[in-house]
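**Student:** sequence unknown, structure follows:
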Ligand code: ADP
Ligand code: MG
């Protein structure tokens with residue numbers, strides 16, 4: 001469904017991605033792990049074209065989205081992206097945050113957008129928060145709304161970058177539960193996380209990035225118990 005081939009990205013002299021190859025199948029959950037600065041966020045940002053790769057290609061559903069003639073806005077609509085900091089619009093209610101993109105970008109009518117938002121809020125235990133402003137919500141609730149907002153656009157792939165890193169440990173659990181539910185519903189996802197036990201539990205494939213090189217990938221049992229590379233082993237022993 002998503003094929004990344006020989007992706008290179010530099011910022012000035014800093015070569016951040018060095019020929020990354022990765023294939024993601026429909027319904028697959030792929031985790032990117034690696035030290036801070038290894039290029040995980042940059043890889044996600046290249047996938048949804050927030051960054052322009054220097055070289056290499058990305059195909060989504062058979063279409064080359066890195067083709068200079070590709071419609072960047074149309075491509076971005078097919079990804080749902082959630083970052084570490086919950087970027088909810090503070091002056092809008094939860095309902096308006098969720099329905100903004102469906103209504104303005106995807107041209108869904110208000111009634112339908114609100115109905116779908118209510119269904120999502122109910123599904124994720126936030127039905128009573130539709131009229132609340134973000135500052136009335138806990139960090140975990142805000143991040144759940146941010147995930148719902150991304151889901152409301154019916155993305156092909158969800159990209160989740162350290163979505164629990166800014167949260168108190170108590171609130172991490174409720175956000176991880178949402179991601180688990182998404183996996184069970186068949187959502188295709190690429191995520192980065194520091195939560196290694198969660199990563200091991202939820203991922204179909206774990207990719208270890210080392211200085212912009214995708215050094216090793218495989219099923220979690222393999223990566224976490226018998227990695228091929230000494231550097232993967234060293235990273236894991238530093239975080240586990
Ligand atoms: P990770 O998510 O694994 O911590 P990043 O992809 O955020 O790694 O960063 C990889 C490298 O790219 C770092 O050296 C970082 O400083 C650099 N970098 C990331 N984004 C930018 C940017 N917009 N401008 C310049 N350098 C950047
Ligand atoms: Mg990052």
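**Tutor:** That came through, no problem. Here the structure is a predicted model, which is why all the values come from computation and not from measurement. Ligands and ions are numbered 1, 2, ... in the order given.
**Student:** for residue 239, which non-adjacent residue is closest in space?
**Tutor:** Nearest residue to residue 239, sequence neighbours excluded (C-beta to C-beta, 6 or more residues apart in numbering): residue 196, at 5.7 Å. All C-beta atoms are positioned from the backbone trio N, CA, C, and that covers glycine.
**Student:** repeat that for residue 195.
**Tutor:** Here the residue nearest residue 195, using C-beta to C-beta, 6+ apart, is residue 164, at 6.1 Å.
**Student:** same question for residue 153.
**Tutor:** Using C-beta to C-beta, 6+ apart and skipping the chain neighbours, the partner closest in space to residue 153 is residue 101 (5.1 Å).
**Student:** just confirm that neighbour contacts residue 146, I think it does.
**Tutor:** No: the pair residue 101 / residue 146 is not scored as a contact, 11.9 Å apart, by C-beta atoms under 8 Å.
**Student:** for the two, indicate the residue with more neighbours.
**Tutor:** residue 146 (24 against 17; other C-beta atoms under 10 Å).
**Student:** so what's the more buried one scoring on pLDDT?
**Tutor:** With respect to pLDDT, residue 146 scores 95.
**Student:** count of neighbours near the closest residue in space to it that isn't next to it in sequence?
**Tutor:** Leaving aside its chain neighbours, residue 146 sits nearest to residue 86 (4.7 Å; criterion: C-beta to C-beta, 6+ apart). Here the number of neighbours of residue 86 (other C-beta under 10 Å) works out to 23.
**Student:** how far is stretch 144-162 from where the chain is centred?
**Tutor:** Distance of stretch 144-162 from the chain centroid (C-alpha atoms, centre = their mean, to the nearest Å) equals 7 Å.
**Student:** no wait, stretch 76-88
**Tutor:** 7 Å.
**Student:** so what touches that stretch?
**Tutor:** 44, 47-50, 60-61, 94, 97, 105-106, 134, 139, 142-143, 145-147, 149-151, 153, 155-163, 165-166 (C-beta atoms under 8 Å, 6 or more residues apart in numbering).
**Student:** got the residues of this protein near ligand 1?
**Tutor:** 11, 14, 16, 34, 36, 37, 38, 39, 40, 41, 42 (C-beta under 6 Å from any ligand atom).
**Student:** now do the last one against residue 16, distance only.
**Tutor:** Residue 42 sits 5 Å away from residue 16, going by C-beta to C-beta, to the nearest Å.
**Student:** quick check: what element follows the longest helix along the chain along the chain?
**Tutor:** Longest helix in the chain, counting residues (DSSP state H): helix 169-184. Using DSSP states H and E, the helix or strand that directly follows helix 169-184 along the chain is strand 188-192.
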